[in-house]
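K.L.:
Give me the fold of what follows.
(one chain, ligands or ions: 1)
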Amino acid sequence: MTARVGVLTGGGDAPGLNAAICGLGRRLSERGVELVGFSDGWRGIIENEASVIDPKIFQRLHVTGGTSLGSSNAYPYRDPEVSIPKILRSIEAQRLDALVAIGGEGTLGAAHRLYQEAGVPVVGVPKTIDNDLDATDFTFGFFSAVEVATRAMDDLRSTAESHSRVFFVECMGRHAGWITAYAGVAAGAEGILVPERPAHIEAICERLEQVRDDGARSAIVAVAEGTRVWEDGVCLSTEERDEWGEFKIGGVADRLAGMVSARMGWDARSLVLGHMQRAGQPIAFDRIFALRLGARAARLVIEKRFGRMSAMQAGEIVDVPLSEAVAERKVLTDKFLDKYESFFLPIGGM
Ligand code: F6P
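P.N.:
Model prediction:
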């Protein structure tokens, strides 16, 4: 009987998802293994909505953006009594020998629990533009998002110069400042604000004052959406939490632009890059990177080494236990922050 492997893509999409499916599918089809794609992440496997992927599409699938399988934020451990038995039934109904979950911390966290608690033969592939998964140097999608954010800041410079304005450019990344930090450094931003460091409005204005005194007509400040802003030792950011108990994010660039305009009389504007950072085709690096991560996942399946994830460490494609990837969120390290110290806005005391 032909071996069959299931695949799903969960959580927010990221450029390179199709390349990961492609890398996985190509390697499996060389071994005569059928790849069964579930629709819309965990929703598809819970509802047993699946179809066999035609290997013919692997020629050019890696070039395309988004995910050909669809994605959703469905999460099986929200109602495990209902969802887990359904997942187990789908795996049986589809006659699967393994399941490959391509996703970030939520998707891979669920995959890890399925492996540990329900004995499902699972393999993971690390995806997220946020780059906040541990045990891998990078996740695919991250550098495509950095490219979009960098180009946006590059392009904004001319209009900022024309009108002598400060631009606060809000980048995605949830509670990690990776996209903002890489794009901010790449674009030569006058300041970078990340969740890993509290943003004090007094210190921000002080730095911008220096920039203006040095004769600059414009300033670009890269702001991570998860940055929390402080004024006179009081946190101004919302204390509202989302369904996961995390601080609600977004809107910080707009608040900062208003505060800086009012305090400094320097015309300040904001731009939220939003989902453009996930849109479009993956850059060449992410296509190749995701193809390789997908191919490594296929090898793990073939070798029956389950409960593991493909990863990049020191530039090499390796595999690691899923437990290591999901144990802790990977945020900007002190080493990174220190190295690019001059780009990060001074923080003052909390
Ligand atoms: O985790 C990826 C991500 O793009 C975050 O950077 C962002 O905060 C979030 O997803 C947006 O989610 P949604 O697509 O549900 O608005």
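K.L.:
in the stretch 101-250 of the chain, what residue is nearest the ligand?
P.N.:
As assessed by Cβ to the nearest ligand atom, the ligand sits closest to Met172 within the stretch 101-250 of the chain, at 3.2 Å. Every residue, glycine included, has its C-beta placed from N, CA and C.
K.L.:
Spatially nearest residue to His175, not counting backbone neighbours?
P.N.:
Excluding the flanking residues, the one nearest His175 by Cβ to Cβ, 6 or more residues apart in numbering is Gly226, at 4.6 Å.
K.L.:
Check whether the one you found sits in a helix, strand or coil.
P.N.:
Under DSSP: H, G, I helix; E, B strand; the rest coil, Gly226 falls in the coil class.
K.L.:
So it is in contact with Ala176, correct?
P.N.:
Yes - contact criterion Cβ atoms under 8 Å: Gly226 and Ala176 qualify, at 7.2 Å.
K.L.:
With neighbour numbers in mind, choose between these two.
P.N.:
Gly226 (26 against 23; other Cβ atoms under 10 Å).
K.L.:
list the contacts for the more buried one?
P.N.:
Gly226 sits next to 173-177, 194-195, 247, 249 when contact means Cβ atoms under 8 Å, 6 or more residues apart in numbering.
K.L.:
ok, now which ones touch Ile45?
P.N.:
Counted by Cβ under 8 Å, 6+ apart, Ile45 has contacts 6, 8, 38, 86-87, 90-91, 99.
K.L.:
swap the cut-off to 7 Å and go again
P.N.:
By Cβ atoms under 7 Å, 6 or more residues apart in numbering, the residues touching Ile45 are 6, 8, 38, 87, 90.
K.L.:
Which one of these is nearest to the ligand?
P.N.:
For those, the minimum distance to the ligand (Cβ to the nearest ligand atom) is 16.5 Å, reached by Leu8.
K.L.:
And the pLDDT at the residue nearest to His175?
P.N.:
The score at Gly226 is 93. That number is its pLDDT.
K.L.:
got it, and the one 4 residues further on?
P.N.:
Residue-level confidence at Trp230 comes out at 90, pLDDT.
K.L.:
Show me which of the contacts of Ile45 is closest to Gly188.
P.N.:
Distance to Gly188, by Cβ to Cβ, is smallest for Leu8 among the contacts of Ile45, at 39.9 Å.
K.L.:
Quick check: closest non-adjacent residue to the closest one.
P.N.:
Nearest one to Leu8, counting by Cβ to Cβ, 6+ apart, is Phe38 at 4.2 Å.
K.L.:
Show me what from the stretch 1-150 of the chain comes close to the ligand.
P.N.:
Contact residues (Cβ under 6 Å from any ligand atom) of the stretch 1-150 of the chain with the ligand: 12, 104, 128-130.
K.L.:
So which of the residues you listed wins on neighbours?
P.N.:
Going by other Cβ under 10 Å, Ile129 tops these with 31 neighbours.
K.L.:
Check which helix or strand that one maps to.
P.N.:
For Ile129, there is no host helix or strand (DSSP states H and E).
K.L.:
So what's the residue count around Glu304?
P.N.:
No Glu there; residue 304 is Lys. So Lys304, with other Cβ under 10 Å, has 10 neighbours.
K.L.:
Likewise for Val252?
P.N.:
Val252 has 25 nearby residues by other Cβ under 10 Å.
K.L.:
can you check the one 4 residues further on too?
P.N.:
Other residues lying near Leu256 total 24 when counted by other Cβ under 10 Å.
K.L.:
and the gap between it and the ligand?
P.N.:
Distance, Leu256 to the ligand, using Cβ to the nearest ligand atom, to the nearest Å: 18 Å.
K.L.:
List the buried residues for whichever helix or strand that residue is part of?
P.N.:
If you go by DSSP H and E, Leu256 is part of helix 252-264. Buried residues in helix 252-264, counting neighbours by 16 or more other Cβ atoms under 10 Å, are found at 252-257, 259-260, 263-264.
K.L.:
For Cys22, state which of the residues you listed is nearest.
P.N.:
Nearest to Cys22 among these: Ala253, at 35.5 Å, using Cβ to Cβ.
K.L.:
Does the closest one touch Phe167 like I think?
P.N.:
No - taking contacts as Cβ atoms under 7 Å, Ala253 lies outside contact range of Phe167: 8.6 Å.
K.L.:
For Gly315, grab the count of nearby residues.
P.N.:
Using other Cβ under 10 Å, Gly315 is surrounded by 7 other residues.
K.L.:
Give me the contacts around stretch 17-34.
P.N.:
By Cβ under 7 Å, 6+ apart, stretch 17-34 touches 2-5, 7, 9, 35, 52-53, 55, 58, 61-62, 64, 66-69, 100, 102, 125, 127, 140, 282, 286-287, 290-295, 297-299, 302.
K.L.:
So which of these sit within strands?
P.N.:
Among the contacts of stretch 17-34, DSSP state E puts 4-5, 7, 9, 35, 52, 100, 102, 125 in strands.
K.L.:
Between which two of those residues is the distance greatest?
P.N.:
Val52 and Val125 (19.4 Å).
K.L.:
So which of those two has more stuff around it?
P.N.:
Val125 (32 against 12).
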